[in-house]
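> Fold the following for me, if possible:
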Amino acid sequence: VDAFDMARMIATARIVMPRTMVRLSAGRLSFSDAEQYLMFQAGANSIFNGDKLLTTANPEFDADTSLFKKLGFQGKPAHQGPLVAPAEAQGKVHITKVEGNKQQYA
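The predicted structure follows:
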């Protein structure tokens, strides 16, 4: 999968599931820093940091820290749920919850 196809998949996941964690993980080493930036801009908001507990290699912790600094990103502590997006907090986007037992009509 090339970087543009990956970015399209990430953007689709972000539209369909706006509050979910879209994680870049296995195979991230095959993408350049610029391609990873494209994926973050497409909607990825999570990575596996470091090289532990994965079946394929990932960048070292210091390399990820350097990438985040270069891109102007700030990480958050592990194991915390998704944060409210700025657009949602400002009222520009409204997230609705569809109940599983309610019929939806177009």
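
> which secondary structure elements does the biggest helix by length in the chain contact?
Using DSSP state H to define each element, the chain has its longest helix at helix 3-16. Contact here means 3 or more C-beta pairs under 8 Å, 6 or more residues apart in numbering; DSSP states H and E; on that basis helix 3-16 packs against helix 33-42. Placement of C-beta: from N, CA and C, glycine included.

> go again using 10 Å as the cut-off
Helices and strands touching helix 3-16, by 3 or more C-beta pairs under 10 Å, 6 or more residues apart in numbering; DSSP states H and E, are strand 23-24, helix 33-42.

> Quick check: Val22 vs Asp62, distance?
Here the distance between Val22 and Asp62 works out to 24 Å (C-beta to C-beta, to the nearest Å).

> how many other residues sit next to Arg28?
Neighbour count for Arg28, taken as other C-beta atoms under 10 Å: 20.

> for the chain, where's the lowest mean pLDDT among helices and strands?
helix 86-89 (a mean of 81; mean pLDDT, DSSP states H and E).

> Off-centre distance for it?
17 Å (C-alpha atoms, centre = their mean, to the nearest Å).
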